[in-house]
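Student: okay, here's the prediction I keep looking at, along with the sequence it came from:
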Amino acid sequence: MNNKTIAFPQLANYHVPISFFLKHLTDCNILDTPKITKRTTELGIKNSPEFVCMPFKYNLGNFIEALEKGANVLIQAGGGCRYGYYYEVQKQILKDMGYEFEFYTLTETDKVAIFSAYKMMKKLNPKLKFTKYLYYLALTFKMIHYMDKIDHYIRKNIGFEVERHSFENLLEEMLEMFSRTKGFFHLFKLYHRYNRLFRQLKVDKPKNPIKIGVIGELYTSMEHYANYDLEKLLGKMNVQVKRFTNITYLVITKRFNNKKLLKICNKYCKYPIGADGMDNVARVITLALEGYDGIIHIKPFGCTPEIGAMHILNKVSEDYKIPILYFTFDNQTSIEGIRTRLEAFYDMIKMRRSK
Amino acid sequence: MRECYLGIDVGSISTKGVIIDKSNEILSSCYLWTEGNPMDAVKRVINELRRKTEEKNILILGIGVTGSARKLIGRMIGANMVRNEITAHAVGTLSIFPEVRTIIEIGGQDSKIIILEDGIVMDYAMNTLCAAGTGAFLSSQAKRLGVDIEDFGDIAVKSGNPVKVAARCTVFAESDLVHKAQSGYKKEDIIAGLCNAIANNYLNNVARGKKIKAPIVFQGGVSKNKGVVKAFERTLNEKIHVDERGHLMGALGIAILSKESDLSEPFSFQITDMKFETKGYECMNCPNNCEIVCIYKNEDIIDVMGNKCERGLEQFYK
């Protein structure tokens, strides 16, 4: 063990595979970044530029809390919008606050390049062999892939669970087991075991439940704290939820899908409009054709790619006769406004169905 | 004995109550200011309705509650129907204007648009993040100009040459307004300009991207303002229907929903004699520090709200 302590921002349950990856490839301590709470967001908001997007503030809050707990190596990712600049700006802000740390980014370009990430890992562990790195990279992504598959099933069914919290409890157990994965075969066995267990959980699902698709900016749609547990609220209304955005999609599937998605939405969108803007247009069309009753589009305040997509979506919504509810999340803490709009959206869908 | 249903709409500014019979006819109604105390306002509404219906020999079979304080009040008076104001407004308006295609609603702090087709809500939107272009803005500007908000509409209609006021943001609209006043424009022109600004702001923000089709019904407190009605008519080039019961639509709608719900429990007017209290405290179990709101009825706890997780409830339900 050396004296390095690594921390990275929280994002849904993905801390499990990321910790797993780092734990096996370095001999540093891996810090469990504290879960996002009100304090995290307050710290983030206080130290961020006012008009930066919300995920930046949340990530910064995560970093501050991690540094307070003794982290000295921070890792950030990046993407095809302002996300790409998070690393630089957060580094400067934290330096100005007087913290001392090393800061690495996984994405020096807007793609997760296997080699640049290897170089980064090499800095943390100079003895790291490329083959070992590749092995654990593949294993970690397989784990993420399985998690996303299970998540997909959970979203479809959690709204109809018979025993309260049965899905959440089993998921927790599964993540705990996943974090102790020994290899591909072990992971494969674990996945099948939990897949079976999830399917055995009792659900009371009507034949044709109300189905809502969730689309939008990646962080707000994935991090439950940032979207006020929107999926849970929908679940409580007995709604089947589908969401495309997850890490498997963002890191792997997205790059092979571009052409296909452009083909789906070529009437509305002829080229990618940054981040997931075009993807979301295509998804609305896909969901509409799959018979979904409505779409919820979420974005943080000031998210440019999604603002671009929204205007196109209005047209899609009209042509495909599928209602879209738009949410813009910022630092407001009242959940009531969200509940009111969700409830009205649900009522509207029910009324439309009864026609 | 006539079987009746009670609908209450508790808004940020005003509280409305109606009693309807089985054929959705309004037997009695009441409208008063919330004054920041929804519990008390509801008691006053119920008292007034009781006084008005004393001789009619009615039996209340169900209560519906809507509006921003619906959860609290719903628990307090044991409502069988608690629903959001969008649904309530749509149902209420449809019972009076079955053909309506667009409902414009501008209230004290929020504004919404509801698009209907064949009596079904097809789309809706509500203002987000900003209260520009709502009643609160109008009343603060009325104060600045030294005009009673009730006279606002009548003054605006007199104007032949409304000034142009920036419509996007309340703060900028206000600085525009100050500038116009200081350059000596007539008060009625400024007021008419403000009314136009409200209409434009609404159409640019809330109704953005929505197709507004006639018949159009305009509701909410601001609909009482003739200047804004005229501004909408001019911009949209359509007749705007304003019903004199427009402010009661939410209450009417929720009363109808209460009638249609299967659950029903007879209600007595005794509720007004009971003592209700809300206490808030911060749950210190984690750094979320959820603000837990407890509602007491005669010292007994009847509901706890505001907790993010189960831990917040532990000390109440053991």
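Tutor: Perfect, I can see it now. Numbers count the residues shown, from 1 in each chain, chains lettered A, B, ... in the order given.
Student: convert the biggest helix by length in chain B to CSV, retaining C-alpha atoms only.
Tutor: Of all the segments assigned as helix in chain B under DSSP state H, the longest by residue count is helix B:187-205. As requested, C-alpha coordinates have been extracted for helix B:187-205 and formatted as CSV (Å, rounded to 0.1, in the frame of the first residue of the first chain):
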residue,chain,number,x,y,z
LYS,B,187,-50.3,56.0,-16.8
GLU,B,188,-53.0,54.1,-18.8
ASP,B,189,-50.5,53.6,-21.6
ILE,B,190,-48.0,52.1,-19.3
ILE,B,191,-50.6,49.9,-17.7
ALA,B,192,-51.8,48.7,-21.1
GLY,B,193,-48.2,48.0,-22.0
LEU,B,194,-47.8,45.9,-18.9
CYS,B,195,-50.9,43.9,-19.8
ASN,B,196,-49.5,43.3,-23.2
ALA,B,197,-46.2,42.2,-21.7
ILE,B,198,-48.0,39.6,-19.5
ALA,B,199,-49.7,38.2,-22.5
ASN,B,200,-46.5,38.1,-24.6
ASN,B,201,-44.5,36.6,-21.8
TYR,B,202,-47.1,33.9,-21.4
LEU,B,203,-47.1,33.1,-25.1
ASN,B,204,-43.4,33.1,-25.3
ASN,B,205,-42.6,31.1,-22.2
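Student: which residue ranges of the chain form strands?
Tutor: Went with chain A since none was named. All strands of chain A, identified by DSSP state E, fall at A:5-7, A:29-30, A:73-76, A:102-105, A:210-216, A:239-243, A:294-300, A:324-329.
Student: ah, I was thinking of chain B
Tutor: With strands called from DSSP E, chain B shows them at B:2-10, B:14-21, B:26-33, B:58-66, B:81-82, B:102-106, B:111-117, B:120-126, B:216-219, B:240-241, B:276-282, B:291-297, B:300-305.
Student: reformat the ones you listed as TSV; add mean pLDDT and distance to residue A:243.
Tutor: For glycine as for every other residue, the C-beta is placed from the backbone atoms N, C-alpha and C. Shown next, in TSV, are the strands of chain B (pLDDT from 0 to 100; distance: least, C-beta to C-beta, whole Å):
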stretch	mean pLDDT	distance to residue A:243
strand B:2-10	89	35
strand B:14-21	91	39
strand B:26-33	89	44
strand B:58-66	88	31
strand B:81-82	90	29
strand B:102-106	91	31
strand B:111-117	89	26
strand B:120-126	84	22
strand B:216-219	92	36
strand B:240-241	92	40
strand B:276-282	79	33
strand B:291-297	80	29
strand B:300-305	76	28
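Student: among these, which is nearest residue B:95?
Tutor: For the strands of chain B, distance to residue B:95 was read as C-beta to C-beta. The smallest value, 9.1 Å, belongs to strand B:14-21.
Student: can you pull the pLDDT of residue 225?
Tutor: Because you didn't say which chain, this covers chain A. At residue A:225, the model reports a pLDDT of 85.
Student: right idea, wrong chain: chain B
Tutor: You'll see residue B:225 listed with a pLDDT of 88.
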